[in-house]
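1. Provide a 3D model corresponding to the input given below.
(chains A and B)
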Amino acid sequence: GAGVSQSPSNKVTEKGKDVELRCDPISGHTALYWYRQSLGQGLEFLIYFQGNSAPDKSGLPSDRFSAERTGGSVSTLTIQRTQQEDSAVYLCASSLDPNYEQYFGPGTRLTVT
Amino acid sequence: AQSVTQLDSQVPVFEEAPVELRCNYSSSVSVYLFWYVQYPNQGLQLLLKYLSGSTLVESINGFEAEFNKSQTSFHLRKPSVHISDTAEYFCAVSAPGGSYIPTFGRGTSLIVHP
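-> This next block holds a predicted model:
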């Protein structure tokens, strides 16, 4: 079956531009997570969705970051007015149950020049 | 809230040697424990998990981990590593009935030399 997919796989953008990153979770997975992974760093939690609602947005680093999920499926992470420190790999994961194992997408590598 | 500590940021080892990647956690409630592996330029994938039952869990490629409640540890071991095991390994913990946000360790880079 299809796994978690993310698009684009790579994104290069100029400082100050907005970007949208997309995540398609595994069908039927109600829990969806976004993480950020900087070079040589671990995973930084950004936001968690249960269905279409986001009970925990505590990891979003600033108000330039926002995310939504529609139809209990696709999620979009939007970064406005990108800064160089936003450069990282953005990983999406989905799970059948929020406490069970997560299935990760391949990530989107964002480079802000 | 729970926390995870991976004591080694990097573990170099020769091919066919045994290896242990250490993971300690803290939590005030019972936990589920996971090891994930991340190969270069890929997302993470589940290696093995402990939810309940036998404290020794195994993966299909020869790794095993043992849940030790008294020592709050979940160390990952393999008796003989291959070059292809070179990757980043992450330990993670979740607390059923608590926060729905799993906590990940900072990762251990396993480097297998020929």
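
2. any chance you could map the helices in chain B?
-> Per DSSP state H, chain B has no helices. Nothing in it meets that criterion.

3. what does it put close to chain A?
-> Neighbours of chain A within chain B, by CB under 8 Å from any CB of the partner chain: B:32, B:34, B:36, B:42-46, B:49, B:51, B:90, B:94-96, B:99-102, B:104-107. All C-beta spots, glycine's among them, are computed from the backbone N, C-alpha and C.

4. Return the subset of the residues you listed lying in strands.
-> Counting by DSSP state E, those place B:32, B:34, B:36, B:44, B:45, B:46, B:49, B:90, B:94, B:104 in strands.

5. Does the first one touch residue B:46 like I think?
-> No. Under the contact definition of CB atoms under 8 Å, residue B:32 does not touch residue B:46, with a separation of 11.8 Å.

6. after the helix-or-strand element of chain A with minimal mean pLDDT, next one along is what?
-> For chain A, counting by mean pLDDT, DSSP states H and E, strand A:53-56 ranks last in confidence among helices and strands (a mean of 85). Counting by DSSP states H and E, the next helix or strand C-terminal to strand A:53-56 is strand A:65-69.

7. do the least confident helix or strand of chain A and chain B meet at all?
-> Yes. On the criterion CB under 8 Å from any CB, strand A:53-56 is in touch with chain B at A:55, A:56.

8. list the helices and strands that strand packs on?
-> Helices and strands touching strand A:53-56, by 3 or more CB pairs under 8 Å, 6 or more residues apart in numbering or on different chains; DSSP states H and E, are strand A:43-50.

9. Which positions in chain A make contact with chain B?
-> So chain A meets chain B at A:4, A:31, A:33, A:41-43, A:45, A:48, A:50, A:55-56, A:91, A:93, A:98-107 (CB under 8 Å from any CB).
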